[in-house]
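Visitor: Sharing a model that was predicted from the sequence below.
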Amino acid sequence: MAVRVDHLVTSGTFSLDGGTWDVDNNVWIVGDDTEAIVIDAAHDADAILAALDGRTLRAIVCTHAHDDHIDAAPALAAATGARILLHPADQPLWKQTHPDHTPDGELADGQVLTIAGTDLTVLHTPGHAPGAVSLYARDLGTVFTGDTLFRGGPGATGRSFSDFPTIIESIRTRLLTLPPETVVRTGHGETTTIGAEAPHLEEWQR
């Protein structure tokens with residue numbers, strides 16, 4: 001049974017450091033006709049459930065714990081029985097949004113998640129958030145970068161828990177080393193490729 005990547009855009013808000021902004025988030029569903037994982041349960045658990053279309057949800061994988069990426073995670077977990085997975089370095093951010101709910105498992109650099117016979121390797125890519133991760137699916141020729149790398153540059157680092165030199169180092173050493181044809185599926189906005197972004201690294205550092 002063929003593995004596929006389904007894409008859903010959900011809308012809501014992002015709040016941190018006393019500010020709130022309207023945002024559209026990419027929700028990625030990786031699996032086949034019987035099982036799947038969700039990468040970033042953003043804003044609308046019912047919409048994500050509808051997109052799953054009866055498939056068994058094996059895990060809810062959080063690329064990081066900013067509220068716009070995790071706000072629907074507990075509701076989706078309650079509806080499906082799926083485990084919520086988060087890198088432990090993002091627990092402080094998680095608790096700002098869900099103080100009474102703890103993730104069910106931890107993500108670690110080098111960990112391999114397997115869904116429908118396809119491996120996704122966890123890459124710890126801090127900077128936008130301390131526990132930010134990317135998920136590399138070699139067989140699918142794609143990497144899910146959350147808010148670490150976008151079309152046109154790195155994710156924002158102007159707020160609490162973020163650091164610009166760290167995100168640049170993550171992109172340089174963990175992402176731009178992937179094959180140039182690798183499709184970059186981001187947390188917001190359009191997809192890109194590693195090859196399209198790699199030439200701009202020095203510009204971002206100026």
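Guide: The structure has been received and is ready for your questions. Numbers count the residues shown, from 1 in each chain.
Visitor: Determine how far stretch 24-38 lies from the middle of the whole chain.
Guide: 11 Å (Cα atoms, centre = their mean, to the nearest Å).
Visitor: Rounded mean pLDDT for it, please.
Guide: In this model, stretch 24-38 carries a mean pLDDT of 98.
Visitor: and if you look at stretch 172-184?
Guide: 98.
Visitor: go on, stretch 42-56?
Guide: 98.
Visitor: List the buried residues of stretch 135-152.
Guide: Applying a neighbour-count criterion of 16 or more other Cβ atoms under 10 Å, the buried positions in stretch 135-152 are 135-137, 140, 142-150. Every C-beta, even on glycine, is put in place using the N, C-alpha and C of the backbone.
Visitor: Out of the residues you listed, flag the one nearest to Glu202.
Guide: Taking Cβ to Cβ as the measure, Glu202 lies nearest Leu149 of those, at 15.2 Å.
Visitor: now the buried residues of stretch 135-152 as a markdown table including distance to Trp94 and pLDDT?
Guide: Below are these laid out as a markdown table (distance: Cβ to Cβ, whole Å; pLDDT from 0 to 100):
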| residue | distance to Trp94 | pLDDT |
| --- | --- | --- |
| Leu135 | 18 | 98 |
| Tyr136 | 23 | 98 |
| Ala137 | 24 | 98 |
| Leu140 | 28 | 98 |
| Thr142 | 26 | 98 |
| Val143 | 23 | 98 |
| Phe144 | 19 | 99 |
| Thr145 | 19 | 98 |
| Gly146 | 14 | 98 |
| Asp147 | 15 | 98 |
| Thr148 | 17 | 98 |
| Leu149 | 22 | 98 |
| Phe150 | 22 | 97 |
